[in-house]
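Participant: following is a predicted model, sequence given first.
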Amino acid sequence: MTTTLTFLGHSAFALEHEGARILIDPFLTGNPLAEAAGLSADDQHADAIVLTHGHDDHIGDTVAIAKRTGATVFCAFEVAEYLHELGVEKTEPGNPGGRIEAAWGWIAFTQAFHSSSSNGRYLGQPMGAVVRLGGKTIYHCGDTALFSDMKLLGEIYRPDIALIPIGDRFTMGPELATRAAEMIAAPLVVPMHYKTFGVLRQDAAGFVPQGVTVREMAAGETLKLD
Ligand code: NI
Ligand code: MN
C-alpha cells in the first residue's frame, strides 16, 4: 500500500502507511500556515512523533498530542527528559548516528548544524531524521546549515524524498539548500521552514537543484510516495 506524506506547514509533516501515522515536528498551534489551512493539533492522531530538536517551532504541540493519543516520541535524550517532566510517558531517546527500530519501520537520527533549547534550557544535539515506512525512506533534515556529509547520508540511506529547510537566517537559505539537495540526491525534494514568519524567506526562488524534482507543498496537501 502507498505511503503518503502530508505537509502541515513550516517543518511539520505526517507520514502514513497502512494505519501507522507518524508526525514529524508537529507545530500547529501558532503556526500561521497550519492555522490558515484549518489544521488543528486536536485533529492529529499519531502512533509516533519524531522531533528533530527542542525549539518551540518543532516541539510545537507534541505534549498535547502525545498525552491524548499515547504516541511514542522519538527525540534527543535531553528532549525526552524534558518531555517526561511535562507528563509525556512514552519516549524513544536517541542521538545522531543512531537507529531505532519500531513496529512500523525505523528511524535513524543524523547530525544537523543548529542549536536546541527551550527557554534557555539546553536540549541536546539538533538532528535530522531518516524515517523508513512502507518501503519508502524520507530524510527530514531538521533545521540545519549545509554540511558535506549530506552527500554521505544520501549514499547510505538513498532517500526517496528529502525535506530541506530553505528559509535562511536560522537554517540554509535557497542557495545553500540547492547544494544540499544536489548532495543528498533524492529524486524528489520538498522545501520547508520558509514563509511561515516574516523573518524567513517568503518564497522558494533560488532553490533550483539540478537533477532533482522540487515539489513545493501547501499546508494540508498530501503527496503519494509511489
Ligand atoms: Ni530550530
Ligand atoms: Mn525552526
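Facilitator: Everything's here; your move. Ligands and ions are numbered 1, 2, ... in the order given.

Participant: from the structure, what's the count of residues near Ser118?
Facilitator: For Ser118, the count of nearby residues is 15 (other C-beta atoms under 10 Å). In this view, the C-beta of every residue, glycine as well, is placed from N, C-alpha and C.

Participant: show me what contacts it?
Facilitator: Applying C-beta atoms under 8 Å, 6 or more residues apart in numbering to Ser118 gives the contacts Gly54, His55, Asp56, Ile59, Tyr82.

Participant: Ala76 versus that one, what's the distance?
Facilitator: 12 Å (C-beta to C-beta, to the nearest Å).

Participant: shared neighbours of the two, which are they?
Facilitator: Here Ser118 and Ala76 have Gly54 as joint contacts, going by C-beta under 8 Å, 6+ apart.

Participant: residues in contact with stretch 80-96?
Facilitator: 54, 62-63, 66-67, 70-77, 79, 100, 102, 107, 109-112, 118, 121, 123-125, 127.

Participant: repeat that with 6 Å
Facilitator: Val63, Ala66, Thr72, Val73, Phe74, Phe77, Ile100, Phe109, Thr110, Gln111, Gln125, Met127 (C-beta atoms under 6 Å, 6 or more residues apart in numbering).

Participant: can you get me a residue count around Arg99?
Facilitator: Arg99 has 11 neighbouring residues, counting by other C-beta under 10 Å.

Participant: my guess is it contacts Thr110, does it?
Facilitator: No: counting by C-beta atoms under 6 Å, Arg99 does not reach Thr110; the two are 10.3 Å apart.

Participant: give the next helix or strand downstream of the lengthiest helix in the chain.
Facilitator: Criterion DSSP state H: the longest helix present in the chain is helix 174-184. Scanning forward in sequence from helix 174-184 by DSSP states H and E, the next helix or strand is strand 188-192.

Participant: just the C-alphas of that following strand, formatted as PDB.
Facilitator: The C-alpha trace of strand 188-192 is given here as PDB (Å, rounded to 0.1, in the frame of the first residue of the first chain):
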ATOM      1  CA  LEU A 188      12.300  14.400  -5.000                       C
ATOM      2  CA  VAL A 189      12.700  17.300  -2.600                       C
ATOM      3  CA  VAL A 190      10.200  19.400  -0.700                       C
ATOM      4  CA  PRO A 191      11.300  22.800   0.700                       C
ATOM      5  CA  MET A 192      10.300  23.700   4.200                       C
END
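
Participant: how far off centre is that strand?
Facilitator: Per C-alpha atoms, centre = their mean, to the nearest Å, the displacement of strand 188-192 from the mean C-alpha position of its chain is 11 Å.

Participant: partners of that strand in the sheet?
Facilitator: Strand pairing for strand 188-192, using DSSP bridges, gives strand 161-165 (parallel), strand 213-214 (parallel).

Participant: quick one on the thing from earlier: now the buried members of the contacts of Ser118.
Facilitator: Those of these that meet the buried threshold are Gly54, His55, Ile59, Tyr82, by 16 or more other C-beta atoms under 10 Å.
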